[in-house]
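Chemist: Sequence and predicted structure are below.
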Amino acid sequence: MTTLPPRMPLRASRPSRKPDRPLTPKQTRFVDEYLLDMNASAAARRAGYRETSAAQNGHGLARRPNVAAAIEARLAERRARLHVTAERVIAELARIAFADIGAIMDWSADATTLKPPGEISPDDRAAIAEIAVVKRGDGVATRVVLHDKERALEALCRHLGLFARAGQSHSPSMLGQPAPHVARADELREMLRAKIEKRVAERVEEALAARAAAEREAAQQATEETAPEST
């Protein structure tokens, strides 16, 4: 009787860490599905991965360098196509936060009148959420609803880190200046704009530094993978 030698255990193939490695058809489908709702588990299920392991597969796929690079490239294309930038988002919030109803409507004790479209600036038009004609007795009235100024201001303040930190015993004004009711609206607008520009510049520098670190790490990993293994 011939005794066969024990079977050697299979060696798991090491997944590639190269961000430029071509995607498989299934990975490409995952990227397409992920961009719909940014949900890795749901994207994995729709891409054909098993229901029982969709969460694990989705999380793993989103972290693979080549898949992550493909997702980021597609997101960058979308942002460029739609012209979505941090500056544009902040500018839109500022339009809402500093909108003036007096630049949109005229009113008196007897009537309220919407100004002609040509007299309303693009910034003030962007702050309008709804325009409706309402019947009142024998006549009609125009109703204008603006987007939520308070929420827009809160979003800007959170973005700039202007809220008081936990443990502070006092509540300084947002910009370290006199309280808002003392300063004029245009002064506050200029101060906030300066803070926004500074913060955006800091974010850009942080993003560039993170990208450079990621590129260095990828280059180091590539060097380690191509180096011969010691026996």
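Modeler: Everything's here; your move. Just so it is clear, the model here is predicted, and its values are computed rather than measured.
Chemist: Now do the contacts for E33.
Modeler: Contact analysis of E33 by CB atoms under 8 Å, 6 or more residues apart in numbering lists A42, A43, A44, R46, A47. Using the backbone N, CA and C atoms, a C-beta is placed for each residue, glycine as well.
Chemist: Do I have it right that the second one meets Y34?
Modeler: The one in question is A43. Yes: between A43 and Y34 a contact is recorded at 3.9 Å, counting by CB atoms under 8 Å.
Chemist: which residues are in contact with both of those two?
Modeler: G58.
Chemist: Give me the phi and psi angles of A91.
Modeler: Note on A91: backbone dihedrals following degrees, to the nearest 10 are phi -60, psi -40.
Chemist: if we can go back for a sec, which one among the contacts of E33 gets closest to E72?
Modeler: Distance to E72 across the contacts of E33 (CB to CB) is lowest for A43, with 15.0 Å.
Chemist: Backbone dihedrals for R64, both of them.
Modeler: The phi/psi pair for R64 (degrees, to the nearest 10) is phi -70, psi 130.
Chemist: Equivalent analysis for A109, please.
Modeler: phi -70, psi -20.
Chemist: List the contacts of L23.
Modeler: V31, N66, V67, A70.
Chemist: Which strand or helix spans the residue nearest to the third one when sequence neighbours are not counted?
Modeler: Here the nearest residue to V67 in space, its sequence neighbours aside, is L61; by CB to CB, 6 or more residues apart in numbering that works out to 5.1 Å. For L61, the enclosing helix or strand under DSSP states H and E is helix 54-63.
Chemist: residue boundaries of the strands in the protein?
Modeler: For the chain, the strands defined by DSSP state E occupy 105-107, 112-114, 128-136, 139-146.
Chemist: Just the buried residues of the third one, please?
Modeler: Along strand 128-136, the positions that meet the burial threshold by neighbour count (16 or more other CB atoms under 10 Å) are I128.
Chemist: again, but for stretch 111-121
Modeler: Neighbour-count burial for stretch 111-121, counted by 16+ other CB under 10 Å, picks out L114, I120.
Chemist: Put the alpha carbons of that stretch into CSV.
Modeler: Only the C-alpha atoms of stretch 111-121 are listed here, as CSV (Å, rounded to 0.1, in the frame of the first residue of the first chain):
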residue,chain,number,x,y,z
ALA,A,111,-50.6,95.6,0.8
THR,A,112,-47.5,93.4,0.3
THR,A,113,-45.9,93.5,-3.2
LEU,A,114,-43.2,91.3,-4.7
LYS,A,115,-40.6,93.3,-6.5
PRO,A,116,-40.1,92.7,-10.2
PRO,A,117,-37.7,89.9,-11.1
GLY,A,118,-35.2,92.3,-12.6
GLU,A,119,-34.9,94.2,-9.3
ILE,A,120,-34.1,91.1,-7.2
SER,A,121,-30.4,90.1,-7.2
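Chemist: how about the helices in the chain?
Modeler: 25-37, 40-46, 54-63, 65-82, 86-97, 122-126, 149-160, 185-226 (DSSP state H).
Chemist: need the contact list for the spatially closest residue to S121 that is not a sequence neighbour.
Modeler: Setting aside the residues directly before and after it, S121 is nearest to A103 in space (CB to CB, 6+ apart), at 6.7 Å. Shown in contact with A103 (CB under 8 Å, 6+ apart): K115, I120, S121, D124.
Chemist: Grab the nearest non-local neighbour of V140.
Modeler: Nearest to V140 is V133, by CB to CB, 6+ apart, at 5.3 Å.
Chemist: centroid residue for this structure?
Modeler: Centroid check for the chain by CA atoms, centre = their mean gives A86 as the closest residue, at 7.7 Å.
Chemist: That one is in contact with R203, isn't it?
Modeler: Yes: at 6.5 Å, A86 counts as touching R203 under the criterion of CB under 8 Å.
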